[in-house]
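**Q** I would like to see how this sequence folds:
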Amino acid sequence: LTKPAISGITNGSTYYTTQKVTVTDTNLDSVTLNGDAVTGEITLAGNVDKTYTIVATDKAGNETTCTVTMKAIASISAPIDSIGESNVNSGNTDAIAEVEAVAAALDTTNATDAEKAAIKAITDKCDALQEVIADTAAEYERITDAIAAYDPNEVTSADKAALDKLAEDLEALAESGNLTDSEKTALETPTENLDAMIETVNEVTEEFDRIADAVGDYDQETVKSSDKEEIEQLAEDIDALLDTDNLTDEERTALEGEKTKCENLLAKIEGTDALMDKLTEDVGSYDEDTVKSTDKAALEQLVEDIEAVIEGNTNITEEEKTELEALVDTVEDLLTKIEEVAQAPVTEDTEKVEDTTSENVTPEDKEDLINAKADLEDALTENAGNYTEDEKKAREEQEKQEAMKREMHRRLEQMQRMADFDKKMNF
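**A** Below is the predicted model of the structure:
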């Protein structure tokens, strides 16, 4: 005789869902479930932590025993219970796959709706976790690829918004809790590269704005020599920025315009410096020992030119204005010297004999003539370098006239002495 047959479950197996068990035997005597007699189809309730033992006995005393373990469906997901969408990472992939495989393999032939729902909750969770892992991997790749696509030597302000967005996305990814430690470590280099590129863009933008503002503070009408050093430095800074590839075409064009403005400002300063040098040189070409009456018109024009610069040139500094005022004083001194030289031969004694001629000279004119001669000689000696050739000839002619007058005076004296002698002899 054969033993009773128990079908629907396998001895020693573990189940999670409700199972239907059938006991068959032609001479079946009794069936017990956990010691309790049962008849007909046996239902083993699932989704509980319980052990079921079925003992089937036929009339001949043959006995078949089948013991199975029933577990709660929730226990399947125990390996991933601590994992959620906020902390799942690629390191959990295998565990999730194993849980899902177990859940998918469950026999749901006799499962209740509640059991099916419990299984579905597990598979849904696994699917959601795997989706987070996949999305994280895609985001990781997108961000790192996007960062790598930029050349640090060529990033510009046009990339600023995109770089900032990448920085936000990268920070969100790093703080998401969905990265493994090794993935976080691998992100350090892209993060450093991204930070460096953003810093480069910010520095270039700040430098561009600084230069634009600084150059904008100057204009052709008021730029002065005291501004030269700073403008030259600005021009150097512009060249340094133009030498980089971190400018947009618009920024490069704008900077080239700022450079041209700097060059024009420096040219204006050079023009003012040249004017100052010329005026200084022009004044310096004269001195009191050699200035002549023929220089008067030129010197007067110099005064007008210098005063015009002082009054109307807004490109000179206060120090330069003081220098120009000193030049005016120097020219005024030269003009005074010309006037003094012109008046030097005109003394009280020369005026006394001015109308004296060889025809009207008298003995009483002797002293005046001698003094006039001395005055003329002094004028020629003291101002020798200040007379033109014509003036020298005029002074010399004047001396000749005075000499003739003195000669006539001498002859008159001689004649007077002879006349006085004749008178004595006649007495």
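**Q** Going by C-alpha atoms from here, please, whenever you check contacts or count neighbours.
**A** OK.
**Q** Can you give me every residue that contacts the closest residue in space to Gly177 that isn't next to it in sequence?
**A** Distance criterion C-alpha to C-alpha, 6 or more residues apart in numbering; nearest residue to Gly177, sequence neighbours excluded, is Asn87 at 4.7 Å. Asn87 makes contact with Ser176, Gly177, Asn178 under the criterion C-alpha atoms under 8 Å, 6 or more residues apart in numbering.
**Q** ditto for Leu255
**A** Contact partners of Leu255, counting by C-alpha under 8 Å, 6+ apart, are Phe208, Ala212, Ile238, Leu242.
**Q** can you rerun that using 7 Å?
**A** Leu255 makes contact with Ile238 under the criterion C-alpha atoms under 7 Å, 6 or more residues apart in numbering.
**Q** which SSE is it in?
**A** When elements are assigned from DSSP states H and E, Leu255 belongs to helix 249-284.
**Q** Same question for Thr53.
**A** Assigned by DSSP H and E, Thr53 belongs to strand 50-58.
**Q** coming back round to it: doesn't the residue nearest to Gly177 lie inside a helix?
**A** No: when classified by DSSP: H, G, I helix; E, B strand; the rest coil, Asn87 is found to be coil rather than part of a helix.
**Q** ok, it to Ile133 distance?
**A** Distance of Asn87 to Ile133, computed by C-alpha to C-alpha, to the nearest Å: 10 Å.
**Q** what do you get for Ile147?
**A** Counting by C-alpha to C-alpha, the gap between Ile147 and Ile133 amounts to 21 Å.
**Q** Repeat that for Thr2.
**A** On the measure of C-alpha to C-alpha, Thr2 and Ile133 end up 55 Å apart.
**Q** more crowded one of these two?
**A** Residue environment comparison for Thr2 versus Ile133 gives the larger neighbour count to Ile133, 22 against 12, counting by other C-alpha atoms under 10 Å.
**Q** right, and the more buried one touches Ser90 too?
**A** Yes: counting by C-alpha atoms under 7 Å, Ile133 touches Ser90, with 5.7 Å between them.
**Q** quick one: the helix or strand encompassing Asp213 to helix 249-284, angle?
**A** With the criterion set as DSSP H and E, the secondary-structure element containing Asp213 is helix 181-216. Direction vectors for helix 181-216 and helix 249-284, defined by axes from the mean of the first three to the mean of the last three C-alpha atoms, to 10 degrees, enclose an angle of 40 degrees.
**Q** Give me every residue in contact with the next helix or strand after helix 181-216, excluding its own residues.
**A** If you walk from helix 181-216 toward the C-terminus, the next helix or strand you reach (DSSP H and E) is helix 228-242. Contacts of helix 228-242 with the rest of the structure, by C-alpha under 7 Å, 6+ apart, involve Ile211, Arg252, Leu255, Lys259, Cys262, Leu266.
**Q** Can you select the buried ones from the residues you listed in PyMOL?
**A** Applied in PyMOL, the following selects the buried portion of those according to 16 or more other C-alpha atoms under 10 Å:
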select buried, resi 211+252+255+259+262+266
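**Q** From the contacts of helix 228-242, pick the one nearest Thr362.
**A** Nearest to Thr362 among the contacts of helix 228-242 is Leu266, at 74.4 Å by C-alpha to C-alpha.
**Q** Give me the number of neighbouring residues for the residue lying closest to the closest one once chain neighbours are set aside.
**A** Take Leu266 and drop its neighbours on the chain: the residue closest to it by C-alpha to C-alpha, 6+ apart is Lys228, 6.6 Å away. Burial of Lys228, expressed as a neighbour count using other C-alpha under 10 Å, amounts to 18.
**Q** Quick check on the contacts of Asn87: which are buried?
**A** Neighbour counting by 16+ other C-alpha under 10 Å classes Gly177, Asn178 among the contacts of Asn87 as buried.
**Q** Out of the contacts of Asn87, flag the one nearest to Glu192.
**A** The nearest member of these to Glu192, counting by C-alpha to C-alpha, is Ser176 at 18.8 Å.
**Q** Excluding chain neighbours, what is closest to Asn11?
**A** Setting aside the residues directly before and after it, Asn11 is nearest to Cys66 in space (C-alpha to C-alpha, 6+ apart), at 4.7 Å.
**Q** is it fair to say that neighbour lies in a helix?
**A** No: according to three-state DSSP, the state of Cys66 is strand, so it is not within a helix.
**Q** count of residues packed around it?
**A** The number of residues packed around Cys66, counting by other C-alpha under 10 Å, is 18.
**Q** Would you check how far apart Asn89 and Gln233 are?
**A** Taking C-alpha to C-alpha as the measure, Asn89 falls 54 Å from Gln233.
**Q** out of these two, which sits in the busier spot?
**A** Each of Asn89 and Gln233 had its neighbours counted (other C-alpha under 10 Å), and the higher figure belongs to Asn89 (24 against 12).
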